[in-house]
Every structure is written in C-alpha cells, then in structure tokens.
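K.L.:
Show me how the following folds:
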Amino acid sequence: MLYRCVTWIKRLPYIICMLVMILAGLTACSQTSTSTTSTSQNLSGSPIKIGISLSVSGDFAPDAKGTLQGYKLWETDINNNGGLLGRPVQLVILNDDSTPEHVKANYEHLISVDHVDVTFGPFSTLLSKAARDVTHAHNYALLEGSGGGPSVFNGDNNIFDVSIPVGNNLITSALYILSLPAAIRPKTVAFATEDDPFTQPQVDLAKQMLTYGGVTPVYYHIYPADTTKDYTPFANAIIKTHADAVVLGTLLNDFTAFTTVFKQHHYTPKILVATAGPDQGDQFVKAIGIQNTEAIMVSNGWYPQANTFQNAQMIQEYVAENNGSTVDSISSNVAEAYSVGQVFAQAVNKIHSINNAALITELHNDTFQSVQGFVKFDTSGHNVIAVPYLFQWQKGKLIPVYPDTIAVETPEYPKPAWP
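P.N.:
Next up is the predicted model:
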C-alpha cells in the first residue's frame, strides 16, 4: 500500500522520505517523596539512587500514571534479578504537579540534596525541557521515554529518548490515509491541537503530508494546553466542517472531551486519530466507554503482543501486580518508562559504572534493546531506529493495523457511527 504514495513522496522533506523507506521495508513543586525499594536477598551495599520528577497531580497526572507504573515495575524486576553492580536500585520520586517550575526545583533537590546517582525523565515534552536544563547544568545523564518532542533536543549531549522521535508519530497515520484508493480516500481533514511541544509537531507534520497528498485541510486550530478547560467550541467548529477525517493533538483528557461532543452531535468522521489518549489502555476505556472506542486510531511504537526484548516478561508481571488488569489494558507509557530502565541497566552493565560522564559516552555509542524494540541514539539523543506503527481499537482491543507486517487485522474504515 505504501507504494501508492510515490508521486507525492518526492515532494516531501528528506526526513519524511527516510521514514517512509523504513516503513516500506517493514511492509516487504510538591516535594512529596515516595521512595520504593524492592531488594533481593543477595543484594548488599548502598542503593543506586535514581531521581525522578513525575506528575502525580495536575493536568498530566492521568497520562503520567502509566509512566510511574513502568518505572516501578522495572525497579522491582531489576532488584529481583540481582540489582545493578550487585547493589539494589532505589527510585526517589518527587511530585511536580505538572509544572515546569516544580520540575526544575525537583531535579535540583534530587541532585543537590538527595544526591541521587542518576536521573530518569518526567512525563511530557514540556516537563522534559525543564528537566534537561537542570540535569545538563549538573552534567547528569537524563534518560526518558515520554517527553521527546523536537524542542527538547537543543544540542545538549545529556538527554536520551528511548522512544520514537515524537514529531514522527503520526507519519504512519498519514501514510495509511494516503494509501487508500482515491475513490474512498478522505477528501477533507480537520486538525486541532494543544500548543504542547509533544502534540503540535506531530499534527503539523501530518498536516503537511496530507496536504501534499491531496487531502484538503478545512480546519486547523491551536489551543493553549495549560489554560483551556472547555473544548466544546473547537469540537463544534470541526463538526461544522463535516470533515472526512479528524486528526487531534491531544492527551487523554482533551481527547475525551472532543469525542463526547462529537457523539452528542452524531458526528462520525471516517477516520479519527489522535496523538495520545487512545493509547492509555484501561484509562481510555473508562474515560469514553468501551462501546465508544471502535475504530479510533493512534500511532505508537509498542503494543502488548510485540516480540521484543523482555516484553512478555513485563506484560506477565504487570498483570500479576495489577489485579483485574488484562494485557490489553496496559498503557504504552508503561512500556516507555520500562524501556528507560532497560537501556540504563544495559549501559551500566556494559561499562560497570554509574558515572554520568561514562554513561553519556556509552549511551551515545552503543545499541540497546527494549520492550519497544532496538534503541540507538544519534548525537542529539533521538532514537534513530524506532519506528511508529498505527493502532486501532477494534472490538474492545487496541491492535496494530498498519503496516502490513505487524497488522493483526485490516484497518476498519470508515469508522462506524457512534452507538
């Protein structure tokens, strides 16, 4: 299907073309501290302390819940398997209330007062930028998996994002739309996005690709992420366009608000895709109701059935630790955070050290494995071999549908009417 896009691919920037080729290849300051330590009986010595600022409260809290779960799951696993360098690992977590100011204060406190050995990143690009500045000033490595928007990477050599480069997330969504036969392909598309450095770059690139491919934008709006509480005006504006496809730059809360209005007005676009929200497993289902999830799409780099390093182990242990959870209920943020720990552990075991300067050098030079796939950082800290896939909710499950090599079902198109 990807080859149908050749005529317009020639006009795209080089970076998009390279990503298309990859996919084509696949197709053939709250200072509340919670320190947790799971220590195996054969571990001794002082713990390796890892400092983390996380949004336990505030706007990012619903999405950051999975990040917290992933970090803690990795902490338990690593300690139950001998720790690192024969020492237990201890996470020192401070609540940042979803604000950059608290993030900066937290990492300053973690490094200067708590004297943590290394740092892992917060949730969101906005907060990762704040974390980057403080950790760079102290020459600390910062590994993260849920905050890799383009604006995070400013030339500092200490930040490493184990996940897909955020700006590329919606490429597979755009490619899928453009691969549809012309007779049934969406003719118009509406865009709305937070002014967040995580969501907006994705939407803007998708808009560029779809426009080049002949899909006409009929609405494009950016709204403030930190002050917007009522999304109804934007949802109503989209409804008035009768757009065939809708691309939303959202997290869980605002995506829920948009879909609520769409359903109330019986507006069903042929394609509904978002940057985040539909990837949040049980939280997403609880937010909009499982009966309303059908055919909603999201791009990501991980899925529960992926045949990747330690993925089956992580899934099994997550389900065991969370009573009532199922494989399909796991948020992708869990996998992102777990991947951070995996890459860190491999680097430490390779160099037999937690020295930050040595870690930074090792992270820039080696290739690692994670539940999200292979990880290789460029000089800026992007994971250059991560590939986004397209997922869709079908019959109550989020499944991969594009490209063909990872698809378990054919994409459901057009989206059926709301129940």
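
K.L.:
got the residue ranges for the helices in the protein?
P.N.:
Using DSSP state H, the helices of the chain run over residues 6-9, 14-27, 61-80, 100-112, 125-137, 171-179, 200-212, 232-241, 252-264, 282-288, 311-321, 332-351, 356-365.

K.L.:
Tell me which other helices or strands the last one touches.
P.N.:
To tie it back to what came earlier, the one meant is helix 356-365. Using 3 or more C-beta pairs under 8 Å, 6 or more residues apart in numbering; DSSP states H and E as the contact test, the elements touching helix 356-365 are helix 332-351. Heads up, the C-betas are built off the backbone N, CA and C, glycines and all.

K.L.:
how many degrees apart are the helix it packs on and helix 356-365 in direction?
P.N.:
Note on geometry: by axes from the mean of the first three to the mean of the last three C-alpha atoms, to 10 degrees, helix 332-351 and helix 356-365 are set 110 degrees apart in direction.

K.L.:
just to revisit the earlier point, could you tell me the least trusted of the helices of the chain?
P.N.:
Note on these: lowest mean pLDDT is at helix 6-9, with a mean of 37.

K.L.:
neighbours around residue 55, how many?
P.N.:
25 (other C-beta atoms under 10 Å).

K.L.:
tell me, what residue is most central in this structure?
P.N.:
The residue lying closest to the centre of the chain (C-alpha atoms, centre = their mean) is residue 146, at 5.0 Å.

K.L.:
Go ahead and confirm that residue touches residue 126.
P.N.:
No - taking contacts as C-beta atoms under 8 Å, residue 146 lies outside contact range of residue 126: 11.3 Å.

K.L.:
In contact with residue 62, which residues are there?
P.N.:
Counting by C-beta atoms under 8 Å, 6 or more residues apart in numbering, residue 62 makes contact with 251-253, 280, 283.

K.L.:
One more: residue 274?
P.N.:
By C-beta under 8 Å, 6+ apart, the contact set of residue 274 is 247-250, 255, 296-298.

K.L.:
Try it again at 10 Å.
P.N.:
Under the criterion of C-beta atoms under 10 Å, 6 or more residues apart in numbering, the neighbours of residue 274 are 170, 173, 193, 199, 202-203, 246-252, 254-255, 258-259, 284, 296-299.

K.L.:
cool, residue 137 as well?
P.N.:
With contact set as C-beta under 10 Å, 6+ apart, residue 137 has these partners: 104, 107-108, 111, 156, 158.

K.L.:
ok, 7 Å please
P.N.:
Applying C-beta atoms under 7 Å, 6 or more residues apart in numbering to residue 137 gives no contacts.

K.L.:
cool, and the one 10 residues further on?
P.N.:
Taking C-beta under 7 Å, 6+ apart as the criterion, residue 147 is in contact with 121-125, 127-128.

K.L.:
cutoff 10 Å now
P.N.:
By C-beta under 10 Å, 6+ apart, the contact set of residue 147 is 60, 67, 121-132, 159, 161, 163, 166, 197-198, 336.

K.L.:
Please read off the pLDDT at it from the model.
P.N.:
For residue 147, the pLDDT comes out at 91.

K.L.:
And residue 355, its phi and psi?
P.N.:
Dihedral pair for residue 355: phi -60, psi 130, per degrees, to the nearest 10.

K.L.:
distance of it from residue 139?
P.N.:
Computed as C-beta to C-beta, to the nearest Å, the residue 355 to residue 139 distance reads 10 Å.

K.L.:
Neighbour count: these two, which is higher?
P.N.:
When residue 355 and residue 139 are compared for neighbours, residue 355 comes out ahead with 15 against 12, by other C-beta under 10 Å.

K.L.:
My guess is the more buried one contacts residue 117. True?
P.N.:
Yes - counting by C-beta atoms under 10 Å, residue 355 does reach residue 117; the two are 9.1 Å apart.

K.L.:
anything in contact with each of the two?
P.N.:
Here residue 355 and residue 117 have residue 348 as joint contacts, going by C-beta under 10 Å, 6+ apart.
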